[in-house]
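*Asks:* One predicted model, sequence on top.
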Amino acid sequence: MIIKNSDYAVSAVREDQYPKDNLPEIALAGRSNVGKSSLINTLLKRKNLARTSSQPGKTQTLNFYIVNEEFYLVDVPGYGYAKVSQKQREAFGEMIQDYLETRPNLKGLIILVDARHEPTKDDIAMYDYAQYLNLPILVVCTKMDKIKKSQVNKVLSNLKKHLDLSYENVSVLTFSSVSKLHVKELGDWIEKHLED
Ligand code: GDP
């Protein structure tokens, strides 16, 4: 996929705020600090379109980015952030569920996991939930530049230990916003699923 242009479009917490132009959407979900904003910026070749920060848990809305005037990338708030109240967490959960379960424009879900750690309980829950939604899933292992060559297989076997990757609708990609590993493949997966 060639990225010609991209822009922030809108933030939403409920359905009547979602874009109304009926373009396909690809959502990105992951634990806070997993590298989601960095991945969006890297893919779109933008420095600061999605906010990156080492302070997790900032984004609390669904953020829609329009790409090539053709589709939306939807940044889903990071989960597993301990410092929000139970009430806030339930509200995020509902917002995310409403979007993922009812949005006909949604064509695929990218789940980010940090290559440096085994998938967490939250990662596993997100993955199982995505399977239940029956969406095409791309599992992206972020921050691969931090992994020694000799440990790459270990990252993938850890992933397989916790997530059943044998489903037909699941692909896996290693990725780094620092080394730009597999940026093209990420774009290709998105492009492939926009039409489905
Ligand atoms: P988000 O909370 O998921 O949006 O995560 P961010 O994109 O803000 O990244 C969280 C932290 O991880 C920041 O300090 C980033 O610089 C760092 N980070 C993100 N992607 C990578 C990567 O590919 N490699 C390395 N080494 N660090 C990364």
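*Replies:* Arrived safely. Numbering: from 1, shown residues only.
*Asks:* quick one: buried residues of the helix or strand where Glu191 lies?
*Replies:* Using DSSP states H and E, Glu191 maps to helix 183-194. Using 16 or more other Cβ atoms under 10 Å as the test for burial, helix 183-194 gives 183, 186-187, 189-190, 193-194. Every C-beta, even on glycine, is put in place using the N, C-alpha and C of the backbone.
*Asks:* and which of those is nearest Glu168?
*Replies:* His193 (13.4 Å; Cβ to Cβ).
*Asks:* which residues sit in contact with Tyr132?
*Replies:* Residues counted as contacts of Tyr132 (Cβ atoms under 8 Å, 6 or more residues apart in numbering): none.
*Asks:* and it, how far is that from the ligand?
*Replies:* Going from Tyr132 to the ligand by Cβ to the nearest ligand atom, to the nearest Å gives 23 Å.
*Asks:* would you say that residue is within a strand?
*Replies:* No - counting by DSSP: H, G, I helix; E, B strand; the rest coil, Tyr132 is located in no strand; its state is helix.
*Asks:* Tell me, what's the model's pLDDT at it?
*Replies:* Here, the pLDDT recorded for Tyr132 equals 90.
*Asks:* re the thing from before, what about the helix holding Glu191, near the ligand?
*Replies:* No - figure legend: helix 183-194 not in contact with the ligand (Cβ under 6 Å from any ligand atom); closest approach 10.6 Å.
*Asks:* what is the mean pLDDT for that helix?
*Replies:* Helix 183-194 comes out at a mean pLDDT of 98.
*Asks:* All further residue positions should be reported with the first residue as 58.
*Replies:* Yep, numbering from 58; the last one is helix 240-251 now.
*Asks:* C-alpha coordinates for it, CSV please?
*Replies:* C-alpha atoms of helix 240-251 as CSV (Å, rounded to 0.1, in the frame of the first residue of the first chain):
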residue,chain,number,x,y,z
VAL,A,240,6.1,-1.6,7.7
LYS,A,241,5.3,-2.6,4.1
GLU,A,242,3.8,-6.0,5.2
LEU,A,243,1.6,-4.1,7.7
GLY,A,244,0.3,-1.9,4.9
ASP,A,245,-0.2,-4.9,2.7
TRP,A,246,-2.3,-6.7,5.3
ILE,A,247,-4.5,-3.6,5.8
GLU,A,248,-4.9,-3.1,2.0
LYS,A,249,-5.9,-6.7,1.6
HIS,A,250,-8.7,-6.5,4.2
LEU,A,251,-10.2,-3.2,3.2
